[in-house]
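> okay, sequence plus prediction incoming.
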Amino acid sequence: MKRKVINILLLLSLIFNLAVFSMFAIHFYRMRQEFGQMHCEYQPEMRERFRKIQPKHREYLKARSDLFDYLRSEDFNVNTAYKKLDLIIRRQMIMERELGKELINLRKEMSLEDFIKITEKNRFHPNYEKIRRKTVSVDSKTE
């Protein structure tokens, strides 16, 4: 009798564990699909435009990496660190300027609805909905 009860409990435990793990697997699969769809729908229109910006982004990342490497080195000099910081800021400004120009050119070529559709898919800011709601409520109050 004891052996039967233990086998039944073991079987129930296995079924429960399988259900829990499959629930997590399904959740992660769906999240991956949703992100993949969100990320890939606009890429054909944007991919070529932002290829121009990739070298500038790499330069910025390289300068940032150089600063961190320098800060970790033994021969640390404050003035040199500030010069490297200035270089990072310049590279980031150049990158952001190019990105802004590409977005402006993209907006010139697209209808408002298409541009909104593309930018709605790029909600990378964690508080995007809160910021959007505040902006919409402020805009509606001013009108």
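Alright, I've got the coordinates.
> what is the neighbour count of Met95?
19 (other Cβ atoms under 10 Å). C-beta: built from backbone N, CA, C; applies to glycine.
> OK, contacts around Ile26?
Not one residue lies near Ile26 by Cβ atoms under 8 Å, 6 or more residues apart in numbering.
> let's verify it: helix, strand, or coil?
helix (DSSP: H, G, I helix; E, B strand; the rest coil).
> tell me the pLDDT of it.
On pLDDT, Ile26 comes in at 85.
> check Glu34 too.
Reported pLDDT for Glu34: 62.
> repeat for Gly100
pLDDT, Gly100: 88.
> show me where the chain dips below the pLDDT cut-off.
Residues of the chain meeting the criterion pLDDT under 70: 1, 33-46, 120-143.
> what residues go with each domain of this protein?
1-28, 46-123 (automatic domain parsing).
> list the residues that contact Tyr29.
Taking Cβ under 8 Å, 6+ apart, one finds nothing in contact with Tyr29.
> please apply the same query to Arg107.
Counting by Cβ under 8 Å, 6+ apart, Arg107 has contacts Phe115.
> phi, psi of it?
phi -70, psi -40 (degrees, to the nearest 10).
> which of the domains of the chain is buried the deepest?
domain 46-123 (a mean of 13; mean count of other Cβ atoms under 10 Å).
> distance of His57 relative to Glu98?
Distance, His57 to Glu98, by Cβ to Cβ, to the nearest Å: 9 Å.
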